[in-house]
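Asker: have a look at this fold, sequence not included:
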């Protein structure tokens, strides 16, 4: 982590300890996901530990997240932790392409493995631009996602977007109908 501490994403590990995932950047300006464990008591916060190594690094060359990863949501699903994240990839005619990814931990958030090298939020007929920043809640045994859906670009540096919703039975495969 040479610069930045972006998009703090909390996860309650237990016994008053919150793990805050965040994205720092390396010397190539690529985001990696690390964490800080924080104890929250009586209105104060104490940093207990900061990760020495990232828990998620940019993906393989050519994948949607080969130029960086940034957390957007961490939730417990059974005995696993699902870390939804933003995958960064340079654009050819626009500044960037960003899509939503999923990494899974079986050790309470100490390490993660990509669920897929493809994004869980890819372009589609109803979402033809960027689709990213998944934030997921579980309600009545259904996963509901709120995500950023691009609706166009004002110029190569400035996308326009809305917040849309998606649903899933397992938190991995999503149904999107364009609902804003």
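Answerer: Received, thanks. Just so we're clear, the structure is a prediction, and the values are computed from it rather than from any experiment.
Asker: which residue is the nearest non-sequential neighbour of residue 95?
Answerer: Counting by C-beta to C-beta, 6 or more residues apart in numbering, residue 95 lies nearest to residue 157, which is 4.9 Å off, once chain neighbours are set aside. From N, CA and C alone the C-beta is placed, and that goes for glycine too.
Asker: how near is the one you found to residue 139?
Answerer: 36 Å (C-beta to C-beta, to the nearest Å).
Asker: now do residue 19
Answerer: Counting by C-beta to C-beta, the gap from residue 19 to residue 139 is 23 Å.
Asker: for the longest strand seen in the chain, buried residues please.
Answerer: Taking DSSP state E as the criterion, the chain has its longest strand at strand 142-155. Along strand 142-155, these residues count as buried under the neighbour rule (16 or more other C-beta atoms under 10 Å): 143, 145, 147-150, 153.
Asker: tabulate the residues you listed (JSON lines), appending pLDDT.
Answerer: Output for the buried residues of strand 142-155, formatted as JSON lines (pLDDT from 0 to 100):
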{"residue": "143", "pLDDT": "98"}
{"residue": "145", "pLDDT": "98"}
{"residue": "147", "pLDDT": "97"}
{"residue": "148", "pLDDT": "97"}
{"residue": "149", "pLDDT": "96"}
{"residue": "150", "pLDDT": "94"}
{"residue": "153", "pLDDT": "96"}
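Asker: switch the residues you listed over to a markdown table; also include distance to residue 14.
Answerer: Shown next, in a markdown table, are the buried residues of strand 142-155 (distance: C-beta to C-beta, whole Å):
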| residue | distance to residue 14 |
| --- | --- |
| 143 | 22 |
| 145 | 25 |
| 147 | 28 |
| 148 | 30 |
| 149 | 34 |
| 150 | 37 |
| 153 | 43 |
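Asker: show me the two of the residues you listed that sit farthest apart.
Answerer: Largest separation among the buried residues of strand 142-155 by C-beta to C-beta: 143 and 153, giving 29.5 Å.
Asker: in the lowest-mean-pLDDT helix or strand in the chain, which residues are buried?
Answerer: Sorting the helices and strands of the chain by mean pLDDT, DSSP states H and E puts strand 3-14 at the bottom, at a mean of 89. Within strand 3-14, the residues scored as buried using 16+ other C-beta under 10 Å are 7, 9, 11, 13.
Asker: name the strands paired with it and say parallel or antiparallel.
Answerer: Note on strand 3-14: by DSSP bridges, its sheet partners are strand 17-25 (antiparallel).
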